[in-house]
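Visitor: okay, here's the prediction I keep looking at, along with the sequence it came from:
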Amino acid sequence: MDASEAHSAIVSPAGVWWRPAGKQEKLWVSIAFVWCMVLFAMMPLWHFKGGQNPSGVRSRVEPRDFIARVERFVNEYKIGEDNGVPVVAPPPGSDIYLLGQMWRWYPVLRLKEGVHYTLHLSSADINHGFSLFPVNLNFQVVPGYDYGLKIVPSRSGDFRIVCNEFCGINHHMMVGKVVVE
Ligand code: CUA
């Protein structure tokens, strides 16, 4: 039997794919590799130059400690209620707290335009996604971690916080509110 007809593991089958790669193939493999390297280099470059990474400070926190901290914050600066959720107006420059839980954002924040705050985000139960609408601003809200973000509300208005991480049956109902005046 001639080797070109054999199809077993003992006799190599006839074919072309182990011949040296053609010129064009080598060229495209090289281009793809160089492009991979460019994209890879852009990750650290964008981290430092792109200004797209938030100035957040992450630290560990027990969910029940965070909930207690949010409650203290609410009791201190509560000015009213909105559909049963407390509305909180914290003083400029202060630490403000927002809790994600199945299925609401707690409390409603009333902030001042052009003023510094440190926004602490965390979850009481599972992962939620903080998405400020209509501003395209997104953060993961993770139980066990306090994400402290330095923020300055840059425009006034009535904003919604949408949950963009699937968190169960009422995920779509998880809408919060931030008012900037
Ligand atoms: Cu919270 Cu989806």
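Guide: Sure, I can see it. Only a predicted model underlies this, so the values are computations on that prediction, with no experimental measurement involved.
Visitor: so residue 108 versus the ligand, what's the distance?
Guide: 16 Å (Cβ to the nearest ligand atom, to the nearest Å). Heads up, the C-betas are built off the backbone N, CA and C, glycines and all.
Visitor: touching, that residue and residue 79? I think so.
Guide: No: with contact defined as Cβ atoms under 8 Å, residue 108 does not count as touching residue 79 (9.8 Å).
Visitor: any common contacting residues for the two?
Guide: Residues touching both residue 108 and residue 79 by Cβ atoms under 8 Å, 6 or more residues apart in numbering: 87, 88.
Visitor: and the next helix or strand past the longest helix seen in the chain?
Guide: Secondary structure of the chain read by DSSP state H shows that its longest helix is helix 23-49. For helix 23-49, the following helix or strand on the C-terminal side (DSSP states H and E) is strand 56-60.
Visitor: give the pairing partners of that next one; include direction for each.
Guide: strand 145-151 (antiparallel) (DSSP bridges).
Visitor: any idea how far the lowest-mean-pLDDT helix or strand in the chain is from the chain center?
Guide: Least confident element among the helices and strands of the chain, by mean pLDDT, DSSP states H and E: strand 56-60 (a mean of 82). Put simply, strand 56-60 sits 14 Å off its chain's centre (Cα atoms, centre = their mean, to the nearest Å).
Visitor: over to stretch 155-173?
Guide: 13 Å.
Visitor: just the buried positions in that stretch, please.
Guide: 159, 161, 162, 163, 164, 165, 167, 171 (16 or more other Cβ atoms under 10 Å).
Visitor: quick revisit: restrict the least confident helix or strand of the chain to CA atoms and write it as PDB.
Guide: Only the C-alpha atoms of strand 56-60 are listed here, as PDB (Å, rounded to 0.1, in the frame of the first residue of the first chain):
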ATOM      1  CA  GLY A  56     -11.900  54.900  43.700                       C
ATOM      2  CA  VAL A  57     -10.600  53.600  47.000                       C
ATOM      3  CA  ARG A  58     -11.800  50.000  47.500                       C
ATOM      4  CA  SER A  59     -11.800  48.500  50.900                       C
ATOM      5  CA  ARG A  60     -13.400  45.500  52.600                       C
END
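Visitor: now the element after it, going C-ward?
Guide: The C-terminal neighbour of strand 56-60 among helices and strands, as given by DSSP H and E, is helix 63-77.
Visitor: hmm, residue 140 is touching residue 165, no?
Guide: Yes: at 7.0 Å, residue 140 counts as touching residue 165 under the criterion of Cβ under 8 Å.
Visitor: good, wrapping up.
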